[in-house]
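> quick one: sequence plus predicted model below, questions after.
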Amino acid sequence: MRLFCKILTISSVFAAFGFAQSAAPAPEYPDIGWDSVTAEAETTQVSVPDTAAQAVASDSVQKPLVDTVTVAVVDTVAKDTALPQAASADTNALAETKPVKPRNKITYAEYQARLLAKHPKKSKTLHHGLTLVSANYHDKRYGAMNHDADWGSGIGMYYFYRRYFGRYLGVQGRFGGLYRYSRWNFDEGVENGKLASGEKYSLVHNVDRKYHNFAADLPLTGKFGYHIKGTTTYLFTSLTFGLTKPIYEMVDTENRLYLKTDSKELRSDLNTLKAAGQNPFPLYESHQTNKFFYMDDWETSGWIGLGVENRLVSFEFQVYGLGGATSANHRYYHLGHDSNFTWRLFLDFSLR
């Protein structure tokens, strides 16, 4: 019986010792498989980074491979953790920045500044275009007539090209067609007579003449002026030499013969004939001439002008200075002849 108790006691001690061994943690070995490392790395990334870092620091001697992987994971987590802060800083900076202009959108003033920087001369104005001209022509002689015109005008259309040399000098050439019109009304002569009854009379020859002239015109203008800084405006004075080739002209002439008298008896007789529709006065005659000019028919002219130019539109006022002709056709009164001198106004429209 005592022996049985001893055996039971020894068996109980061995059982307790075995239970204690099974409850103790298993010993860790440095040879750990990659599956265990990956699982531990994933567990460390999901868990709090500080805990993982402490665990790596404490076990760096026993687990070098796990330490390397875990440190890389911790660095990744730290970088990922810092991203929201950087994004927040960028968001605050964008919120404080003023709104920017849309891409490739600039103001007209900026465009002009860039254009002036790249092309300081050509940016001043557009150099090609269309010119319209309106003129007041005052003929001082026409053919064999030595009488002043009562009224004259002209209109024309040109193509122009202009160019500048520096900031002050410029040249502009024009080529186009010109229409001119003038009209005269004058008494060609007076013939005095006397009837058999003793009444005195005068026969007055009145002429009404007008011409329609079509010509090619080539004015060449030299300019001296100043470009206003910061704008495309150019103020200038000019001298123009013109070469005009008359091409075709149509002339209408009306002749009237009036009878004038101071005699009351003769005037009474004329009124009686007029009431009966038999008064022959004024005698009337008209005719028209049409002609093309010869190749040696040319006109020259010189003009003095003032003007202002802009990028798209320009104005120039010119007065006739001097001129001549190869034949007895058109000659005009120059500046200084009363107030009825010859002048013209150019209006330029830039196209490119």
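Yes, it's here. Residues are numbered from 1 along each chain as shown.
> rest of the way, CA atoms for contacts and neighbours
Noted.
> give the buried residues for stretch 264-278.
Applying a neighbour-count criterion of 16 or more other C-alpha atoms under 10 Å, one finds 266, 270 buried in stretch 264-278.
> tabulate the CA atom coordinates of that stretch in PDB.
Output of stretch 264-278 as PDB, limited to C-alpha atoms (Å, rounded to 0.1, in the frame of the first residue of the first chain):
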ATOM      1  CA  LYS A 264     -38.300 149.400-123.700                       C
ATOM      2  CA  GLU A 265     -39.800 149.000-127.200                       C
ATOM      3  CA  LEU A 266     -37.500 146.100-128.100                       C
ATOM      4  CA  ARG A 267     -38.100 144.400-124.800                       C
ATOM      5  CA  SER A 268     -41.800 144.700-125.300                       C
ATOM      6  CA  ASP A 269     -41.500 143.100-128.700                       C
ATOM      7  CA  LEU A 270     -39.400 140.300-127.300                       C
ATOM      8  CA  ASN A 271     -42.000 139.600-124.600                       C
ATOM      9  CA  THR A 272     -44.800 139.500-127.200                       C
ATOM     10  CA  LEU A 273     -42.800 136.900-129.300                       C
ATOM     11  CA  LYS A 274     -42.100 134.900-126.100                       C
ATOM     12  CA  ALA A 275     -45.800 134.800-125.200                       C
ATOM     13  CA  ALA A 276     -46.500 133.500-128.700                       C
ATOM     14  CA  GLY A 277     -43.700 131.000-128.500                       C
ATOM     15  CA  GLN A 278     -41.800 132.500-131.300                       C
END
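> mind listing residues that contact that stretch?
199, 261, 279 (C-alpha atoms under 8 Å, 6 or more residues apart in numbering).
> what of stretch 228-242?
Counting by C-alpha under 8 Å, 6+ apart, 123-125, 217-227, 300-311 sit against stretch 228-242.
> likewise for stretch 159-178?
121, 127-131, 154-158, 214-227.
> surely residue 297 and residue 248 touch.
No: if you go by C-alpha atoms under 8 Å, residue 297 and residue 248 don't touch, sitting 11.1 Å apart.
> what's the burial count for the residue lying closest to residue 240 once chain neighbours are set aside?
If the residues on either side of it in the chain are set aside, residue 240 comes closest to residue 221, at 4.2 Å by C-alpha to C-alpha, 6 or more residues apart in numbering. Per other C-alpha atoms under 10 Å, the neighbour tally for residue 221 reads 21.
> the one 10 residues further on now?
When counting by other C-alpha under 10 Å, one arrives at 16 neighbours for residue 231.
> before we move on, what about residue 167?
Residue 167: 15 neighbours (other C-alpha under 10 Å).
> that one belongs to a strand?
No: judged by DSSP: H, G, I helix; E, B strand; the rest coil, residue 167 forms no part of a strand; its state is coil.
> please report how far it lies from residue 245.
34 Å (C-alpha to C-alpha, to the nearest Å).
> same check on residue 322?
17 Å.
> do the same with residue 264
From residue 264 to residue 245 the distance is 54 Å (C-alpha to C-alpha).
> what of residue 10?
147 Å.
> ok, the two, which is more surrounded?
The neighbour count for residue 10 versus residue 245, taken as other C-alpha under 10 Å, is higher for residue 245 (22 against 12).
> pretty sure that one is touching residue 296, no?
No: applying C-alpha under 8 Å, one finds residue 245 not in contact with residue 296, separated by 9.0 Å.
> anything in contact with each of these two?
With C-alpha under 8 Å, 6+ apart, residue 245 and residue 296 have no common neighbours.
> do you know the pLDDT at residue 295?
Looking at residue 295, its pLDDT is 88.
> scratch that, residue 143
72.
> give the burial count for residue 332, as a bare number.
Count around residue 332 with other C-alpha under 10 Å applied: 22.
> look up how far residue 296 lies from it.
Distance from residue 332 to residue 296, by C-alpha to C-alpha: 19 Å.
> shouldn't residue 266 be within a strand?
No: using three-state DSSP, the assignment for residue 266 is helix, not a strand.
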